[in-house]
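Undergrad: Predicted model and sequence below, questions to follow.
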Amino acid sequence: MKLELHGVSKKYSDHNVEALKEVNLGIEAGDFIAICGPSGCGKSTLLNIIGLIDKPSLGTVSFGGADINALTDEGLTRLRGQRVGFVFQFFNLLSTLTVEENVALPLEIASSNKGHAASMTEGDLRKKVMETLERVGIAKRASFYPSQLSGGEMQRAAIARAVIHSPEILVADEPTGNLDSESGKVVLELLKQLNERDGQTIIMATHSAEASGYAGRVIVMIDGKIVSEAGSGIGASSSENVKPSPSADNVDLESRDVKPVSGDV
Ligand SMILES: Nc1ncnc2c1ncn2[C@@H]1O[C@H](COP(=O)(O)OP(=O)(O)OP(=O)(O)O)[C@@H](O)[C@H]1O
Ligand SMILES: [Mg+2]
């Protein structure tokens, strides 16, 4: 088990919002998980905790056996920098840097922190960046600035930046939420390839039934709780088999291949 959440609750005390309520979740290496549910149900809050951006108010998160509650903020930041990659709905590329410079950033930061990439030469770094850009299919755009890219290309650059340091977990918060369906499909195919070919563990929040169809596990959240989990067990192209994520009103916990998550329903 790579990452385990036990009884994780998150309260935003300033507005007294209980965004997560006793969530239990185990994530194995190589999982591709979609987290679905209505707006405000706690998807991003959960991803922030999984991605070590935030700590729970209650409960435990164990990352590769390490209890994150026991880490200092500095320790948490270091762990996140080395072992997690993030992709967001709005890309978050730095507009004054080229694609190549954006993608190189995580390695340069690791290097300046005297982390594992400390010994990387300028030549090695450039080679690694170009290999990663090849993998996501935008090597020809290496010298472009973000404003010169299409939305789909921007998201592929963001994915390259998120995976260049070979993170154990790739966290994607609505990675296709801001793309037209064609570009969204390219991004989803890329995530699928990273998962299937490279064994990249991926946790993705999404509102789209098509996107959740790419995942091997589909988790439905409502009002801060995980209410069901199903294996989608289907390929990317057979979207007729994709179950739309249920709304708060019509969650069907009885349906044959959707199992309620113990203790959460
Ligand atoms: N910093 C914060 N302070 C107070 N409340 C917050 C904060 N961040 C999120 N919330 C609240 O927590 C709840 C869950 O928010 P979250 O962003 O996790 O939802 P979500 O499922 O990602 O929604 P969406 O699909 O719209 O992105 C919401 O009701 C939101 O208003
Ligand atoms: Mg969100």
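TA: Looks like it arrived, so ask away. Ligands and ions are numbered 1, 2, ... in the order given.
Undergrad: Could you measure from the residue lying closest to residue 165 once chain neighbours are set aside over to residue 84?
TA: Nearest non-adjacent residue to residue 165, counting by C-beta to C-beta, 6 or more residues apart in numbering: residue 106, 4.7 Å away. Yep, even glycine has a C-beta here, placed from its N, CA and C like the rest. Using C-beta to C-beta, to the nearest Å, one gets 10 Å for the distance from residue 106 to residue 84.
Undergrad: what does whatever helix or strand the residue nearest to residue 165 lives in contact?
TA: Assigned by DSSP states H and E, residue 106 belongs to helix 99-112. If you take C-beta atoms under 8 Å, 6 or more residues apart in numbering as the criterion, helix 99-112 is touched by 81-82, 85, 93-94, 97, 116-118, 120, 125-126, 128-130, 132-133, 138, 141-146, 149, 157, 160-161, 164-165.
Undergrad: Skip ahead from it and say which helix or strand is next.
TA: Following helix 99-112 in sequence order, the next helix or strand is helix 122-135 (DSSP H and E).
Undergrad: List the buried residues of that next one.
TA: 125, 128-129, 132-133, 135 (16 or more other C-beta atoms under 10 Å).
Undergrad: With distance to residue 76 as extra columns, can I get those in JSON lines?
TA: Shown next, in JSON lines, are those (distance: C-beta to C-beta, whole Å):
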{"residue": "125", "distance to residue 76": "26"}
{"residue": "128", "distance to residue 76": "25"}
{"residue": "129", "distance to residue 76": "27"}
{"residue": "132", "distance to residue 76": "25"}
{"residue": "133", "distance to residue 76": "29"}
{"residue": "135", "distance to residue 76": "28"}
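Undergrad: Now for the nearest residue to residue 12 once chain neighbours are set aside, how many residues are close by?
TA: Using C-beta to C-beta, 6+ apart and skipping the chain neighbours, the partner closest in space to residue 12 is residue 19 (6.0 Å). Look at residue 19: counted by other C-beta atoms under 10 Å, it has 22 neighbours.
Undergrad: Need phi/psi at residue 19.
TA: phi -80, psi -30 (degrees, to the nearest 10).
Undergrad: Tell me who's in contact with it.
TA: 10-12, 42, 45, 224.
Undergrad: Which pLDDT value belongs to residue 238?
TA: pLDDT for residue 238: 34.
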